Each structure stands twice: as structure tokens, then as C-alpha cells.
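S.K.: here is my input, please return the structure:
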Amino acid sequence: MAKILIVEDEAKIARFVELELKYEGYEVEIAHDGRKGLEMALKKDVDLVLLDIMLPGLSGIEVCRRVRQESQVPIIMLTAKDDVTDKVAGLDMGADDYMTKPFAIEELLARIRVALNRHAKMKPGAGRDNILKHGELELNVASHSVHYGGTELTLTKKEYELLEYLLRNKNIALTREQLLNNVWDYNYFGDTNVVDVYIRYLRQKIDDRFGVHIISTVRGVGYIIKDEG
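M.R.: Coordinates of the predicted model:
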């Protein structure tokens, strides 16, 4: 069974989640501050991190950023804040998902299962096409890299995953809800403007930078990467 690291400074919440996870059969480690959480996330052999944003010592956003420099372990952010800006900040640092306190434990468990399953499918040798191309744009799944005309692009984890999903579904108009469910793993209850924010990020890094038109808007539907001709 998977090992989960809880990084949470509120002892009662950490204990409650720990008991629920152990009841489900997971192994659990706990850290009560950001610095200890970062150390454990990098040194312990954990399969998923539940990471609070408001932490003493080092914020959850900073912990997430530093973990992502060395590891692709799934991260679910936990916070008392319910604001799109906070969601984007956590996701932009590479978090896989986001939950606002108070939360139903059943929903948290569901999101943990989805994140773990998706991470397992993303591992090398999981039967995925390694190279995805569109014109001069090339995405390499094995190396987790993206190039345009030989120039390497610096993308966040979510930007990369959104681009990969669009490329894997070329010539298909994808709704914002489809993108939320497949890239963010779980429906954000109608909060589809998160998708628009990340589409804008990708356009700035690809379309605007190279003077091309890769991602098209399908009015009333969503977005598409469409072959020319």
C-alpha cells in the first residue's frame, strides 16, 4: 500500500487524517512544519504528499516548489483559503490537486486514489507514446520536456500536463470540464476559469513567443490543437 506524507501544523487535523488513511490501509508519515515536511518529502520514500499551505518555517507553496525541483511525487494542497489565486499559486508550483478546508474525508480519499493512479500511469514504460508533435512543437514524455523549433520551453507541471492532453487529443474540441477532469484529476465544481488561466500561460510561452497559433478557442465549447490544412 502507498505511503502518504501529511505536512500539517494543526495537530488535530493531522491526527484525524492520519487515522482515516491508516484505516484505508495506507502507511502514514507526519511533519508539522514546512522545513521538516520538505526534508521528509525528499528523503522519505513517499508516494503522495498532503501539503498544507499555511505552515510555520516554510510555506506550503515554497515546499511544493522545492520538492518539484527534485521529485514528481503527487502533491495535494490543503488550505483554509478558497480563492482562485491560491489555487493557481499552488498548481503553478506543481501541485496535482487542491482541497479547501473543511473537507469531506471521502472526497479527500477519492482524490488521493485518482492522484496515485494517474501517477502510476505516467511512469516510464506505462505504454504511452513517447514523442508528441505538432509542427515544430515537440513534447517528449520520457524526458518530460517540450521544444519548439529546437528551443526548449520551461513549463510548470500543470502547463506540461495540459499541453500533453491537448496534443494527445489533437483535432478534438475539448471542453473546460473535460480538461479539468483529465488534467487536474477532479472536477473543481465549475471553477473552469483555472483552465483559461493555464491556456493563457501556454499561449504566452508558445504562441506569443514564437509568433504562431497552436491552441485555438472553440467558442461555446473549449479549446483545441488542430492540424493545419
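S.K.: longest helix anywhere in this protein?
M.R.: helix 105-122 (DSSP state H).
S.K.: residue ranges in the protein under the pLDDT threshold?
M.R.: Within the chain, the segments meeting pLDDT under 70 span 81-87, 121-129, 185-192, 229.
S.K.: just checking, Val197 touches Val88?
M.R.: Yes. Contact criterion C-beta atoms under 8 Å: Val197 and Val88 qualify, at 5.6 Å. No exception for glycine: its C-beta is placed from N, CA and C like everyone else's.
S.K.: still on that earlier bit, show residues contacting the longest helix of the chain.
M.R.: 2, 4, 16-17, 20-21, 24, 26, 47-48, 50, 72-74, 76, 96-97, 99, 126, 128, 185-186 (C-beta atoms under 8 Å, 6 or more residues apart in numbering).
S.K.: which parts of this structure are strands?
M.R.: Remark: strands assigned in the chain by DSSP state E are 3-7, 27-31, 48-52, 75-79, 97-100, 131-134, 137-140, 145-148, 151-153, 174-175, 215-218, 222-225.
S.K.: can you put those strands in a markdown table and add mean neighbour count?
M.R.: Output for the strands of the chain, formatted as a markdown table (neighbours: other C-beta atoms under 10 Å):
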| stretch | mean neighbour count |
| --- | --- |
| strand 3-7 | 23 |
| strand 27-31 | 19 |
| strand 48-52 | 27 |
| strand 75-79 | 24 |
| strand 97-100 | 20 |
| strand 131-134 | 16 |
| strand 137-140 | 18 |
| strand 145-148 | 18 |
| strand 151-153 | 13 |
| strand 174-175 | 18 |
| strand 215-218 | 14 |
| strand 222-225 | 19 |
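S.K.: distance to Glu164 added to those strands, as TSV?
M.R.: Converted to TSV, those look like this (distance: least, C-beta to C-beta, whole Å):
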stretch	distance to Glu164
strand 3-7	26
strand 27-31	30
strand 48-52	21
strand 75-79	18
strand 97-100	17
strand 131-134	7
strand 137-140	6
strand 145-148	9
strand 151-153	13
strand 174-175	12
strand 215-218	13
strand 222-225	11
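S.K.: quick one: residues contacting Val67.
M.R.: Applying C-beta under 8 Å, 6+ apart, the residues contacting Val67 are 38, 41-42, 49, 73, 75, 94.
S.K.: can you check Leu162 too?
M.R.: With C-beta under 8 Å, 6+ apart, Leu162 has these contacts: 179, 183, 195, 198-199, 202.
S.K.: nearest to Thr154, of those?
M.R.: Taking C-beta to C-beta as the measure, Thr154 sits nearest to Leu202 out of the contacts of Leu162, at 12.0 Å.
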